[in-house]
Every structure is written in C-alpha cells, then in structure tokens.
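1. Predicted model, plus sequence, below.
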Amino acid sequence: MNIQYVQGTPFFTDINKNKKQYPYLTENIETDVCIIGGGVTGAIASYYFSKNNVKTVVLEKKRIAHLSTSVTTSLLQYELDDKLSELQEYTTLENSLKAYNLGLKALEEIESFINTYENKCDYKKRDTLLYTAKNNEKNSIKIEYDLRKKNGFDVEYIDENTNKFSFDLKSGLISKNGGAELDPYKYTNQLLDVSSDIGSKIYENTEVIDLVHYEDYIDVVTEFGYKVKAKKVIVATGYNTKLFTSRNFGTKTTTFNVVTKPVSNFDGWEDKILIRDNCDPYNYLRTTMDNRLIIGGEDVSFIPDIFDEKLANEKYDILECRLKSMFKYIDNIEIDFKYSGTFASTPDNLGFVGPDNKHKNLWYLLGYGANGILFAILGAMMLTQLYSCEPNKDMNLFKIDRFDK
Ligand SMILES: Cc1cc2nc3c(=O)[nH]c(=O)nc-3n(C[C@H](O)[C@H](O)[C@H](O)COP(=O)(O)OP(=O)(O)OC[C@H]3O[C@@H](n4cnc5c(N)ncnc54)[C@H](O)[C@@H]3O)c2cc1C
C-alpha cells in the first residue's frame, strides 16, 4: 500500500477476506495491449479490451485493488462534481451536457455487465440527491434543476415543505435512477475474473520501472528484469503518473471517510438515496449492502509524504458528528472504520483519456474527478475503439492536453 495515498484501514478491502492472488511475471512475454495498474481502472480496461478479442496483459505493482480503489466510496453518479452553471466557466454547456449523458451511458454499461455476469459486487441502482441546507444556496439548486429538466433529465425538485429526509434541507434535486453503488474491491475482482476467463493475463507484485519506446511497440520493463513487449501501453496507475510523463494531470486533495457498524433502521434516509451536499468541499453519503452508513468529505490539499494524524482525527470527528446530526432517528450509530485517500480533480471535472503527445503507443486512462469509475468505463470503451482505428469523437472531451495554453 502506498503510504502517501491511503491512510487507515479501508472498509472494502478489510471486509473482503478471501482474496484471490495472481502470480508475478517470471518470463518475457508479448501482447497487444499492456495495462499498467491493477485498480478498478486497469480492471475495466482489461475487461473491455479482452472482450473485444485484444490480447491483454495487466501489471500491478502490489495487490489488486489496494490503492485508491480500496477507499473509493463508489457513488456512481452521472452528474459531475460541479453544477452545470458552474462548469460554464471552464467548458461549454454543450460539453457538460454531453458529459452528463455519457455518465448515464456508463451507468447503463455497468448494469449490462451485471446482467451478463451476475451481481457479484453488491451493485445497486439508486436515485441521487444534491441538496443544500443554506437559504442563500436555494436558488442555485433550483437553477440546476431547471437546466437539467429543460435538457431532458429525469429530475424532481424538493424544498423544506416537501423534504422527506430527517436532515435540514432548503432545496434539493433528486435524479431518478441517476446513480448506483457497488463494492469496488468486488467489482474490480469480478472484472478481472471475467477478463482472465476470456484471455487477459494478470500479474500482481510486478512493478513497471521503465518503458523503452520503439516505432511499433513498447518494451515494458518490470522490477525483476522481465519485459512485456506490447503494441500499446495503457497507463492506469491512478494518481501516480511520474514514471510516464512530467505532465501534472490534476489537483490532488485528501478526502476522509468514516463507515459505521451495521445499523438496524434507516429512518430519515428515504430509499437509501445517494446524497451529496452543495458545500465546498462537499460531503457525500451512501449505505452498504450489510446496512452500514458511509459519509465522506472534509477535503484538504494533499501534501506528499506527510500524514497529519491530528488533522485526520479532527476530520473523522466532524464527519461522525454530521452523520449523527443528519440521521437522529437511526439507532446506535457506531463508527467502525476511518480512512482517508488521495483524490485528483480537474477544472472541468473530467479525467484524461487518449494518447501521449510524444509517444503514440502510450495511452492514458485516468479517471480523475468524483466520477472516476464511470469515466474509466467510458475511457476504456473509447480506447478500445481507438485500437480498432475507429476513434470516438467524444474522446476530445478527455484529451490529455486540453488545458495546455
Ligand atoms: C476517499 C475517496 C473517495 C472516492 N469516491 C469516489 C466515488 O464515490 N465515486 C467515484 O467514481 N470515484 C471516487 N473516487 C475516485 C476513485 O477512487 C478513483 O477514480 C479510482 O479508485 C481510481 O482507480 P484507479 O484504478 O485509477 O487507481 P488506483 O486504485 O490507485 O490504482 C492504480 C494502481 O496502479 C498501480 N501502479 C502504480 N504505479 C505502478 C507501476 N509503476 N507498475 C505497476 N503498477 C503500478 C498501483 O499500485 C495501483 O494499484 C474516490 C477517491 C477517494 C480517494
């Protein structure tokens, strides 16, 4: 586990006790596509490429799904971190609406994966709520509701008079079927199980230490000297991309999560809806299949190599108090897990997908922003199309150089 990026005991890796282990690389091999990184993003890429009959290898330097993937809250929502009106500072309304619709498409993709291969990852479709408890933010939620309604999204507006939740709410926007939740550890492993069944080769404890670029292929050099010769290399290393580029991809923050023990009732949390408030930084909440509550947020700037334990404990206390004050009718809220993780965001809330500017065989798949998992799905689908020489024009939204001046 990378000490800089994850702190504490992440809930999802802790509760999943029967961990499958993949071998490490002990020979030189050749493949069409080599994916570096065995988190949820690498697993998604492995699934889409192998499903499209592309010979695929995944290299993970430590254990599958044990870095950011172990701490993601896994709220899957089509909406971006910022509201449509706020995004217009960085991109066009047309692009933001396109991204929202792509988010819905990614949700459909997960649903179709589950329908095909069974629900082995505690997947559950959910409505989502974006709300404010502040009078002066009431209007901005209404504006967002109007914009979404006008553009065909299935949304409902609620206010103090129609509030069905136990917490203070001045205005709220409910997106019907606008989200889903899952267990990211199980989902990553299910994707890899399916892809290894259809030919993908997966290696753990196999760190990539160098890339040697040739005209038509790349030699991927691993820690113990074995190489993977690949036509294309996909960087799915999450927030650590230093080995591949000096480009600074996103603004890193640390975000905090607390998870309760299973609770016996959900009074005041209608339909176990996925919740996000309108604060900056915001709080986000979900439930789990074994009846726990998760609250996250209280983000601070990420400082490499330094973990401020006192600050983290203050943040966990704030989250616990907020949870208890929001859900005063839920009995016996007791905290079981506390952990924090690094997170990267971009001005337009989108990740990075596509080829490197210098090395045409080096491609990125970086699901940054709060919708990292959904955009990893879209990105993997786009890269699969690119591999088949049928580039998808929506990939321009995720171009790696889009913020270059
Ligand atoms: C607390 C928290 C809450 C979040 N909540 C949400 C949410 O609700 N919804 C959402 O969509 N997203 C959320 N995110 C973002 C989400 O976690 C990320 O989008 C996702 O986990 C990133 O997965 P990944 O596979 O890209 O990265 P990682 O899980 O970090 O995986 C990258 C992998 O690459 C490996 N690696 C790195 N370098 C090398 C190398 N040289 N050789 C081989 N392997 C290497 C690492 O060991 C690691 O396993 C959240 C993030 C945090 C921190």
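-> Right, received. Where do you want to start? Residues are numbered from 1 along each chain as shown.

2. What segments of the stretch 201-350 of the chain are strands?
-> According to DSSP state E, counting those that start in this stretch, the stretch 201-350 of the chain carries its strands in the segments 201-203, 208-213, 218-222, 227-235, 251-260, 274-277, 284-287, 293-301, 335-345.

3. Now do the second one: distance to the chain's middle.
-> I take that to be strand 208-213. Strand 208-213 has its C-alpha centroid displaced from the chain centroid by 26 Å (C-alpha atoms, centre = their mean, to the nearest Å).

4. likewise the longest one?
-> Between the mean C-alpha point of strand 335-345 and the mean C-alpha point of its chain there is a distance of 13 Å (C-alpha atoms, centre = their mean).

5. what's around the closest residue to the ligand within the stretch 101-250 of the chain, how many residues?
-> Proximity of the stretch 101-250 of the chain to the ligand (C-beta to the nearest ligand atom) peaks at Gly238, 2.6 Å away. In short, each C-beta sits where N, CA and C put it, glycine included. By the criterion of other C-beta atoms under 10 Å, Gly238 has 24 neighbours.

6. any idea how far it lies from Lys399?
-> Distance, Gly238 to Lys399, by C-beta to C-beta, to the nearest Å: 19 Å.

7. Can you get me a residue count around the residue of the stretch 251-400 of the chain found nearest the ligand?
-> With C-beta to the nearest ligand atom as the measure, Gly372 is the residue of the stretch 251-400 of the chain nearest to the ligand, at 1.9 Å. When neighbours are defined as other C-beta under 10 Å, Gly372 has 25 of them.

8. hang on, it packs against Phe352?
-> No - applying C-beta atoms under 8 Å, one finds Gly372 not in contact with Phe352, separated by 11.0 Å.

9. For the ligand, tell me whether the strand or helix carrying Tyr185 is touching it.
-> Under the criterion of DSSP states H and E, Tyr185 resides in helix 184-197. No - using C-beta under 6 Å from any ligand atom, we find that helix 184-197 stays clear of the ligand, coming within 6.6 Å at best.

10. Please name every helix or strand in contact with that helix.
-> When contacts are defined as 3 or more C-beta pairs under 8 Å, 6 or more residues apart in numbering; DSSP states H and E, helix 184-197 sits against helix 11-15, helix 40-51, strand 56-59, helix 68-71, helix 93-117, strand 201-203.

11. now the farthest one out in the protein, which residue is it?
-> Distance from the C-alpha centroid of the chain peaks at Asn161, with 34.2 Å (C-alpha atoms, centre = their mean).

12. Now do the same for it: its pLDDT.
-> Note for Asn161: predicted pLDDT of 96.

13. Which of the three states applies to it?
-> coil (DSSP: H, G, I helix; E, B strand; the rest coil).

14. How much space separates it from Glu111?
-> The value you get for Asn161 to Glu111, if C-beta to C-beta is used, is 34 Å.

15. and if you look at Gln385?
-> For Gln385, the distance to Glu111 - C-beta to C-beta - is 20 Å.

16. Equivalent analysis for Asn283, please.
-> 27 Å.

17. Return the residues in contact with the residue of the stretch 251-400 of the chain closest to the ligand.
-> Counting by C-beta atoms under 8 Å, 6 or more residues apart in numbering, Gly372 makes contact with Val40, Thr41, Ser68, Thr72, Gly351.

18. rerun at 10 Å
-> Contact analysis of Gly372 by C-beta atoms under 10 Å, 6 or more residues apart in numbering lists 39-41, 68-69, 72, 74, 76, 238-239, 343-345, 351, 366, 379.

19. Among the residues you listed, name the buried ones.
-> 39-41, 68-69, 72, 74, 76, 238-239, 343-345, 351, 366, 379 (16 or more other C-beta atoms under 10 Å).
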